[in-house]
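Asker: Dropping a prediction and its sequence here:
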Amino acid sequence: MAVMLVIIAERYAEGRIGQLLDDDRLDPDVSATQGEYLRLLALGAGVVAATAAAVSFGIPSDALGPLLGFVVTFGAVIFLKGRIPTPADLVDILRGADRR
């Protein structure tokens, strides 16, 4: 494990971000994006369903914007297995920074 960490650190320092490890050290069966498309599809379907339900219940059009923001934020927490953003995270998002 220590050898792999040294290899990753050296290549990261050299700027070889796309080649942090050799292909023979990677497991092709494990994917970091496994199921991400399904989660994003479920999030999109949930947002559309919530917006359609709000319109069908007669919610005023001025309230649809904040409702959409609420549904997207908490839907992302549920479907994307994230955490609720803090106000500092939201400010960082607006600034284009990322502290994670």
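Answerer: Now that the structure is in, tell me what you want to look at.
Asker: how much space between the residue lying farthest from the centre of the chain and Val72?
Answerer: Distance from the centre of the chain peaks at Gly58, with 31.4 Å (C-alpha atoms, centre = their mean). Going from Gly58 to Val72 by C-beta to C-beta, to the nearest Å gives 21 Å. Glycine gets a C-beta too; all of them are placed from N, C-alpha and C.
Asker: got a pLDDT number for the residue farthest from the centre of the chain?
Answerer: The confidence metric pLDDT takes the value 91 at Gly58.
Asker: any idea which helix or strand comes after the longest helix along the chain?
Answerer: With secondary structure taken from DSSP state H, the chain has its longest helix at helix 36-56. On the C-terminal side of helix 36-56, the nearest following helix or strand under DSSP states H and E is helix 61-79.
Asker: Show me which residues of that next one are buried.
Answerer: The neighbour-count criterion (16 or more other C-beta atoms under 10 Å) identifies 71-72, 75-76, 79 as the buried residues of helix 61-79.
Asker: other SSEs contacting that helix?
Answerer: Judged by 3 or more C-beta pairs under 8 Å, 6 or more residues apart in numbering; DSSP states H and E, the packing partners of helix 61-79 are helix 36-56.
Asker: The helix it packs on packs against which elements?
Answerer: Using 3+ C-beta pairs under 8 Å, 6+ apart as the test, helix 36-56 ends up in contact with helix 61-79.
Asker: Restrict the helix it packs on to CA atoms and write it as CSV.
Answerer: Included here for helix 61-79 are C-alpha records, laid out as CSV according to Å, rounded to 0.1, in the frame of the first residue of the first chain:
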residue,chain,number,x,y,z
SER,A,61,-46.0,30.3,-10.4
ASP,A,62,-44.0,32.6,-8.1
ALA,A,63,-43.5,29.8,-5.6
LEU,A,64,-42.3,27.2,-8.2
GLY,A,65,-38.7,28.6,-8.3
PRO,A,66,-38.1,28.2,-4.5
LEU,A,67,-39.9,24.8,-4.5
LEU,A,68,-37.7,23.6,-7.4
GLY,A,69,-34.6,24.7,-5.5
PHE,A,70,-35.8,22.9,-2.4
VAL,A,71,-36.6,19.7,-4.3
VAL,A,72,-33.3,19.7,-6.2
THR,A,73,-31.2,20.3,-3.1
PHE,A,74,-32.9,17.6,-0.9
GLY,A,75,-33.3,15.2,-3.9
ALA,A,76,-29.5,15.4,-4.5
VAL,A,77,-28.9,14.6,-0.9
ILE,A,78,-31.2,11.5,-1.1
PHE,A,79,-30.4,10.2,-4.5
